[in-house]
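In: take a look and give me a structure for this.
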Amino acid sequence: MTQIDDIMTREVFAFPPGVSKLEAAWTLTARGLGGAPVHDRRGRRVAAVEDVMVRGPLVLRPADPAMRAVRMMVERGAQRVVVLDAEDRFVGFVTPMDVLRALAAGKSLGAPEEEAP
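Out: Okay, the predicted model is just below:
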């Protein structure tokens with residue numbers, strides 16, 4: 001079974017705590033990004049910046065099945081799933097492009113019925 005760890009993007013730009021909405025908007029635009037996490041000093045995600053500041057984005061762990069990220073993005077209309085390690089530190093994102101790259105590389109994400117709820 002393909003796991004989140006197998007398909008996620010690890011090198012991700014992140015904002016420091018206290019970033020203003022204006023600064024975040026300009027930075028995302030300049031970098032051509034649709035969103036980025038906000039971290040505390042210990043590397044833990046405290047929020048996500050998208051078109052607006054969002055608390056509580058979709059979160060999974062590296063060992064979770066990749067299909068779970070696909071389901072979450074489809075069911076909630078999301079463009080990214082945040083990946084946190086066991087200490088709740090941000091380790092990456094899963095985006096629709098990550099899913100497409102995995103499929104293009106021949107990875108099987110498994111049928112939805114293969115994943116236990």
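
In: mind checking which helix or strand the nearest residue to residue 10 once chain neighbours are set aside is in?
Out: With Cβ to Cβ, 6 or more residues apart in numbering as the measure, residue 92 is the residue that lies nearest to residue 10, at 4.6 Å, once sequence neighbours are left out. In this view, the C-beta of every residue, glycine as well, is placed from N, C-alpha and C. Under DSSP states H and E, the secondary-structure element containing residue 92 is strand 90-94.

In: related to what we said a few turns ago, is it correct that the residue nearest to residue 10 is in contact with residue 7?
Out: No: at 9.4 Å, residue 92 and residue 7 do not qualify as touching, with contact defined as Cβ atoms under 8 Å.

In: name the residues that touch whatever helix or strand comes next after the strand holding residue 92?
Out: Sequence-wise, the next helix or strand beyond strand 90-94 is helix 96-104, with elements assigned using DSSP H and E. For helix 96-104, contacts defined as Cβ atoms under 8 Å, 6 or more residues apart in numbering pick out 2, 6-9, 66, 69-70, 73, 79, 109.

In: any stretches of the chain with poor pLDDT?
Out: When residues are selected by pLDDT under 70, those of the chain lie in 45-56, 111-117.

In: what about the helices in it?
Out: Listed from the start of the chain, the chain has helices (DSSP state H) covering 4-7, 21-31, 66-76, 96-104.

In: closest to residue 58 out of those?
Out: Using Cβ to Cβ as the measure, helix 66-76 is the one of these that comes nearest residue 58, at 4.9 Å.

In: what is that closest one packed up against?
Out: Packed against helix 66-76 by the contact rule (3 or more Cβ pairs under 8 Å, 6 or more residues apart in numbering; DSSP states H and E) you find helix 4-7, strand 59-60, strand 81-84, strand 90-94, helix 96-104.

In: distance of residue 107 relative to residue 44?
Out: Computed with Cβ to Cβ, to the nearest Å, the distance linking residue 107 and residue 44 is 29 Å.

In: my read: residue 35 touches residue 79, true?
Out: Yes: Residue 35 sits in contact with residue 79 when judged by Cβ under 8 Å, with a separation of 6.9 Å.
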